[in-house]
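**Q** I need the structure of the sequence given here:
(one chain, ligands or ions: 1)
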Amino acid sequence: MRAPEPLAAEYYCVTCRTPFHNRFPLDADGCCRLCRSSIRGFDAASCFGTYEGTLRPLIHLFKYSRMKPLVKPLAEYLAAALPRDQRFDIAVPMPLHWRRRWQRGNQSELLARATASRSGIPMANAVRRMRATESQAGLSNAQRRANVSGAFRVKGGRQVQGLRVLLIDDVMTTGATAAACAQALKRAGAKSVALLALARVDRRLAEVPAGESSHREVA
Ligand SMILES: [Zn+2]
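**A** Below you'll find the predicted structure:
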């Protein structure tokens, strides 16, 4: 199997790093429409690759088949995508609702922990998922935001106050879930929130072929 390749594009949003075919969706500052509308809760986003090709089966094997040894290469990819010019005080894994966590185990947390320790950033399970939000698949952007708003709560009062938070997730679809989680962190006093994801759904590519199940962002 070929090694997954980092995401490449001619045009990116400067904030969320969404790739585009041309300059048209970006404003003079290089921001996409979603970032301009300031419904993004996070200040920046970086991803290693696209949720296609070799990366997709690797993530599935790790998350759903619980192939634990994959944590090492996957954490390496995540660490490679970490912006070199930024500093973070704390790494926070994207939380699962307890029911899903019980069904699936905490693979995402395992990955976040390995990445944080590789990068020398302390990790804290600072956020709790209050609701098991329904699958985001098939929802519009606005519906996705409504679906996840209020779904997250920061634990234990002031633990993120004044901190630069690195929020770690495995797959970013529209960023609506990450935005809702980032907003909860900001409400709890986080100074900034940057999202780091292993893979992002690249909307430049055609829709997922019929028969192949689309990624469930609720993860
Ligand atoms: Zn953007």
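**Q** For the rest of this, base every contact and every neighbour count on C-alpha atoms.
**A** Fine.
**Q** Give me the pLDDT value at the closest residue in space to Thr174 that isn't next to it in sequence.
**A** Take Thr174 and drop its neighbours on the chain: the residue closest to it by Cα to Cα, 6 or more residues apart in numbering is Asn141, 7.2 Å away. According to the prediction, Asn141 has pLDDT 79.
**Q** Over to Leu110?
**A** On the pLDDT scale, Leu110 is placed at 91.
**Q** mind checking the end-to-end distance for stretch 181-198?
**A** 17 Å (Cα to Cα, to the nearest Å).
**Q** Flag every buried residue along it.
**A** 181-186, 188-190, 192-198 (16 or more other Cα atoms under 10 Å).
**Q** From these, which land in helices?
**A** Within the buried residues of stretch 181-198, residues falling in helices by DSSP state H are 181-186.
**Q** so which of those comes closest to the ion?
**A** The ion lies nearest to Ala182 out of these, by Cα to the ion, at 14.7 Å.
**Q** buried set for the helix or strand hosting Lys72?
**A** Using DSSP states H and E, Lys72 sits within helix 71-81. Under the neighbour-count criterion of 16+ other Cα under 10 Å, helix 71-81 has 71, 74-81 buried.
**Q** following that helix, which helix or strand comes up?
**A** Using DSSP H and E, the helix or strand that follows helix 71-81 in sequence is strand 90-93.
**Q** In the protein, where is pLDDT below threshold?
**A** Applying pLDDT under 70 to the chain flags residues 38-39, 99, 104, 133-135, 157, 205-219.
**Q** repeat that for 80
**A** For the chain, applying pLDDT under 80 flags the ranges 1-2, 38-40, 97-106, 131-138, 141, 147-149, 157-158, 204-219.
**Q** where's the residue with the largest distance to the centre of the chain relative to Val14, distance?
**A** Farthest-out residue of the chain from its mean C-alpha position, per Cα atoms, centre = their mean: Ala28, at 26.0 Å. In this view, Ala28 and Val14 are 11 Å apart by Cα to Cα.
**Q** can you pull up the bridge partners for Phe20?
**A** Taking DSSP bridges as the rule, Phe20 bridges to Tyr11.
**Q** Verify the contact between it and Ala8 for me.
**A** No - taking contacts as Cα atoms under 8 Å, Phe20 lies outside contact range of Ala8: 10.1 Å.
**Q** Compare these two and say which one has the larger neighbour count.
**A** Legend: neighbour count by other Cα atoms under 10 Å for Phe20 and Ala8, higher for Phe20 (18 against 11).
**Q** how close does the more buried one get to the ion?
**A** 10 Å (Cα to the ion, to the nearest Å).
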